[in-house]
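In: Prediction below, plus the sequence it came from.
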Number of protein chains: 4
Amino acid sequence: MARLPMAEEKPLRADARRNRAKILEAAEAVFAGQGLSASTEDVAKEAGVGVGTVFRHFPTKEALIQAVFLGRVRRLAEKAASLSESDAGAAFFAFFTYAVEQAATQSAYAEVLAEAAAVKGGDGEPSPVGAELAAALEALLARAQRGGAVRLDIGVAELIALLIGASRAAEHVEPEVRSRMLDIVFDGLRSPG
Amino acid sequence: MARLPMAEEKPLRADARRNRAKILEAAEAVFAGQGLSASTEDVAKEAGVGVGTVFRHFPTKEALIQAVFLGRVRRLAEKAASLSESDAGAAFFAFFTYAVEQAATQSAYAEVLAEAAAVKGGDGEPSPVGAELAAALEALLARAQRGGAVRLDIGVAELIALLIGASRAAEHVEPEVRSRMLDIVFDGLRSPG
Amino acid sequence: MARLPMAEEKPLRADARRNRAKILEAAEAVFAGQGLSASTEDVAKEAGVGVGTVFRHFPTKEALIQAVFLGRVRRLAEKAASLSESDAGAAFFAFFTYAVEQAATQSAYAEVLAEAAAVKGGDGEPSPVGAELAAALEALLARAQRGGAVRLDIGVAELIALLIGASRAAEHVEPEVRSRMLDIVFDGLRSPG
Amino acid sequence: MARLPMAEEKPLRADARRNRAKILEAAEAVFAGQGLSASTEDVAKEAGVGVGTVFRHFPTKEALIQAVFLGRVRRLAEKAASLSESDAGAAFFAFFTYAVEQAATQSAYAEVLAEAAAVKGGDGEPSPVGAELAAALEALLARAQRGGAVRLDIGVAELIALLIGASRAAEHVEPEVRSRMLDIVFDGLRSPG
DNA sequence: GATGAATGAGCCTTCATTCAT
DNA sequence: AATGAATGAAGGCTCATTCAT
């Protein structure tokens, strides 16, 4: 899966790149803690830089949020890809579980999947961000289906919907409940349909 | 049509009660349309009253939001109760579908279930609001399980988790996908476990 | 000259009207003193109200500036109208002098005429604000021309241009110089052409 | 082409001098296009240098603006001097027209004259910048007066005032109006007084 | 010297909440 | 009780200026 260079990513100065990373990390933490309505000032403070610096790297709060999401998508996509080698069915369910657990930890994490949904589901603008993940998911799903681990009458769109839902739910629910909830969904995914 | 004063409602003057209703209705519409970040001023305008009136009835924006949620919970609980007479399994799945469809239509609707989750799941404060719904769901679920339509190894907590998830997902996904997603979840709920 | 109601001017509550006036007055003073880049906060402070109040009355800084200008235009137009009774030539030159003296006192005052210029000159959007003044000037000029006090080969556009110029110049120049400058312009306006 | 170091210029390295020139040119263009509120960053970009470089050459935005004005004054003064050879009256009016046309083209150009006004008019600090222009104007005016083309009862101060005014007005008015406006002013300047 | 990243004060604007009418 | 004007604390964003590279 080739990584498309989204724009001409200029090589930043060492310190700038370090700051960019600090900001992204801070934003991830702050948004996870306080939700997306946390102030940019707070993100800057957490990152140990001035607001101006945040805005230099991300011209808009929206852009910052997108960048945070992009990072999450990338990590999810990498996870999905990294599982390609293992047993098809195991890989599929392991990924699903992993994704949902991420969401359980970090509030607002699930929104990333909504992003991906826009690609195959069609409600918003296509967003190249989600395309990457959607593609990875498609491969994962197809392999699992070919391996007989997942019913054949569903596509990525449904998979994404279930991921979104389970992830969102995971934000509100205790670990054991989450686990039993996943069992049910997984049974649904396995059943011949 | 007589109105039964439910629970802890103080008797209000007729016009005050009418205003309260108008505000709630307006808030529901405005929040559904613009999300919870819509301004109180907008709600007031939609209701045809001054902001002051909104704040007289609901001392805080938060309180207004809670009241809107309470209304939704009540309606869901009523729906659940109203289905008690029909076939146990059919009632259960009909309710699930109904709840998810509500969420699909009205943005931010799903949050109501998170509220209910706090009761049986335990992460927030207990909230008497959700208890009502939780009770109704418990009855619905138990009947469906006794009727053999739903597997026995799950409880209200899992049911609520699934409802939250499916509702959230429904906000981001097209109707056909939503429907296929529900099929999967329902299969999972039916499977012997 | 009938005053066209520009929009449905709602009757404001007494206190609101008082505040609106205070704000306008403050804005006039502050802008005159610091130029148009003075902060809205400063205007509010000068008016003795909170910023929010300024923005309630004028939804935008731009709107506030326009309102200040409108006030000035109105006063100039009234002055022009009030001179209709006196000797045509005297009225004309008295008005010209008056307008220029206003500008000399209050920095940025001259911009109001640029506004009026847009009407007959054509570079910006027509602006109903300036139309009023332009009409008044047209009358004043025509009378002076009929009375033989002003050369016949000029129109309002040229008059406005000269008013703008003289007003601007007056901002930078001592009273005696200003006065001699006006003498020259007036001679130019009288000369048979 | 040898460059005569004018007045108090430190000898700069060749590249530094080139940069200084580029910045000045860029500033002139940018300020003309967007007004004086254009950002220093924009000037730097237009000049093809970093902001730091701009600030090395001009310690303050204000200083940069002054330098731009100085350049304009110099050019106007040169123009005035270059016309000394031709017919006195023609030279005078040609210069006046030239100056006003510059202002019409380049927004905020007229401010330069306000600068010059400070010298003979006296409202601001004396500024050696304008003195140069004032001297050149004085010569031009005196010659024209000796030649009988301009009335005798005016001095440089009045001339500058008229130049400022006409230049400012020119910013807001169409070319034909501008031209007729100048006719009037010129008639005023010729009339015996 | 040149560069451009970092800084943070300051600006405009919004909005929950209070209070005089 | 209702109204809507007033308030002021944020929030997002810009930009002159400084400073490490």
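Out: Alright, I've got the coordinates.

In: C-alpha only now, for contacts and for neighbours.
Out: Fine.

In: helix/strand/coil for the residue in chain A that DNA strand E sits nearest to?
Out: Residue nearest to DNA strand E within chain A: A:Gly52 (3.0 Å; CA to the nearest atom of the strand). Three-state assignment for A:Gly52 (DSSP: H, G, I helix; E, B strand; the rest coil): helix.

In: Against A:Thr40, how distant is it?
Out: Separation of A:Gly52 from A:Thr40 (CA to CA, to the nearest Å) stands at 10 Å.

In: now A:Glu62
Out: A:Glu62 is 10 Å from A:Thr40, by CA to CA.

In: Repeat that for A:Ala169.
Out: Using CA to CA, A:Ala169 is found at 27 Å from A:Thr40.

In: same thing with A:Arg20?
Out: According to CA to CA, A:Arg20 stands 14 Å off from A:Thr40.

In: any residues in contact with both of those two?
Out: Jointly contacting A:Arg20 and A:Thr40 under the rule CA atoms under 8 Å, 6 or more residues apart in numbering or on different chains are A:Val54.

In: What about the residue of chain A closest to DNA strand E, how many residues nearby?
Out: Counted with other CA atoms under 10 Å in any protein chain shown, residues neighbouring A:Gly52 total 13.

In: With A:Val156 instead?
Out: Counted with other CA under 10 Å, A:Val156 comes out at 21.

In: show me the contacts for it.
Out: By CA under 8 Å, 6+ apart, the residues touching A:Val156 are A:120, A:134, A:137-138, A:141.

In: Same check on A:Ala161?
Out: By CA under 8 Å, 6+ apart, the contact list for A:Ala161 reads A:117, B:169-170, B:172-173, B:177-178, B:181.

In: for it, helix, strand, or coil?
Out: Here A:Ala161 is helix, with the state taken from three-state DSSP.

In: With A:Asp153 instead?
Out: Per three-state DSSP, the local secondary structure of A:Asp153 is coil.

In: Phi, psi for the most centrally placed residue in chain A please.
Out: Residue closest to the average C-alpha location in chain A (CA atoms, centre = their mean): A:Val73, at 3.7 Å. Note on A:Val73: its backbone torsions stand at phi -60, psi -50 [degrees, to the nearest 10].

In: For it, report the pLDDT, please.
Out: Per-residue confidence at A:Val73 stands at 82 (pLDDT).

In: One more: the one 5 residues further on?
Out: In the prediction, the pLDDT value recorded for A:Glu78 is 87.

In: The helix or strand it falls within near DNA strand E at all?
Out: Using DSSP states H and E, A:Glu78 maps to helix A:61-82. No - Helix A:61-82 stays clear of DNA strand E (CA under 7 Å from any atom of the strand), getting no nearer than 13.8 Å.

In: Quick check: which helices or strands does the next helix or strand along the chain from that helix pack against?
Out: Next along the chain after helix A:61-82, taking DSSP H and E as the criterion, comes helix A:88-105. Packing partners of helix A:88-105 (3 or more CA pairs under 8 Å, 6 or more residues apart in numbering or on different chains; DSSP states H and E): helix A:61-82, helix A:128-146, helix A:156-170.

In: Helix A:88-105 vs helix A:156-170, what angle?
Out: Helix A:88-105 and helix A:156-170 are oriented at 40 degrees to each other (axes from the mean of the first three to the mean of the last three CA atoms, to 10 degrees).

In: Please state the mean pLDDT value computed over helix A:88-105.
Out: Mean predicted lDDT for helix A:88-105 stands at 91.

In: From the structure, what's the count of residues near A:Lys22?
Out: Neighbours of A:Lys22 under the rule other CA under 10 Å: 19.

In: repeat for A:Glu62
Out: By other CA under 10 Å, 11 other residues sit near A:Glu62.

In: how near is it to A:Ser39?
Out: Separation of A:Glu62 from A:Ser39 (CA to CA) stands at 12 Å.

In: OK, now which residue of chain A is nearest to chain D?
Out: In chain A, no residue comes nearer to chain D than A:Arg56, which is 12.8 Å away by CA to the nearest CA.

In: If you tally nearby residues, what's the number for that residue?
Out: Neighbours around A:Arg56, by other CA under 10 Å: 11.

In: Pull stretch A:39-48 out as PDB, backbone CA atoms only.
Out: Taking C-alpha atoms only, stretch A:39-48 is exported to PDB below (Å, rounded to 0.1, in the frame of the first residue of the first chain):
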ATOM      1  CA  SER A  39      -8.800  25.500  23.900                       C
ATOM      2  CA  THR A  40      -5.800  25.800  21.600                       C
ATOM      3  CA  GLU A  41      -4.200  27.700  24.500                       C
ATOM      4  CA  ASP A  42      -4.400  24.600  26.600                       C
ATOM      5  CA  VAL A  43      -2.800  22.500  23.900                       C
ATOM      6  CA  ALA A  44       0.000  25.000  23.600                       C
ATOM      7  CA  LYS A  45       0.500  25.000  27.400                       C
ATOM      8  CA  GLU A  46       0.600  21.300  27.500                       C
ATOM      9  CA  ALA A  47       3.100  21.300  24.700                       C
ATOM     10  CA  GLY A  48       5.200  23.900  26.400                       C
END
